[in-house]
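>>> coords below, sequence missing:
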């Protein structure tokens, strides 16, 4: 099977294409009038995506040009 399929062929055999993605892990690109319109990929979950784990962890970034942890490097008085 090809990794690209037209909308009309996808519509007729959607479950078959879903099973293929599940079994092989390969993505399938669905085209409309010869142009890619969407990609069917296997679900990998947020735990595998490091950016998803960090999302929302920076609450405020006040001085972006100053070094991080500057206060911790100063000598104690």
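Arrived safely. Since this is a predicted model, take the numbers as computed values, not measurements. Residues are numbered from 1 along each chain as shown.
>>> pLDDT value on the most centrally placed residue in the chain, please?
What sits nearest the mean C-alpha location of the chain, by CA atoms, centre = their mean, is residue 49, with 7.4 Å. For residue 49, the model assigns a pLDDT of 72.
>>> what sits against residue 21?
Contact partners of residue 21, counting by CB atoms under 8 Å, 6 or more residues apart in numbering, are 27, 28, 40, 41, 42. Quick note: C-beta positions are derived from backbone N, CA and C, even for glycine.
>>> buried ones in the strand or helix carrying residue 15?
In the assignment (DSSP states H and E), residue 15 maps to helix 14-24. Residues of helix 14-24 classed as buried by neighbour count (16 or more other CB atoms under 10 Å): 17, 20, 21.
>>> Could you do stretch 52-67 as well?
For stretch 52-67, the neighbour count (16+ other CB under 10 Å) marks no residue as buried.
>>> How far away from the center of its chain is that stretch?
In this view, stretch 52-67 has its centroid 21 Å away from the chain centroid, taken as CA atoms, centre = their mean, to the nearest Å.
>>> a markdown table for the buried residues of helix 14-24, including distance to residue 55 and pLDDT?
Listed next are the buried residues of helix 14-24 as a markdown table, based on distance: CB to CB, whole Å; pLDDT from 0 to 100:
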| residue | distance to residue 55 | pLDDT |
| --- | --- | --- |
| 17 | 30 | 96 |
| 20 | 31 | 95 |
| 21 | 25 | 95 |
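>>> Closest to residue 8 out of the residues you listed?
For the buried residues of helix 14-24, the residue nearest residue 8 by CB to CB is residue 17; the value is 12.6 Å.
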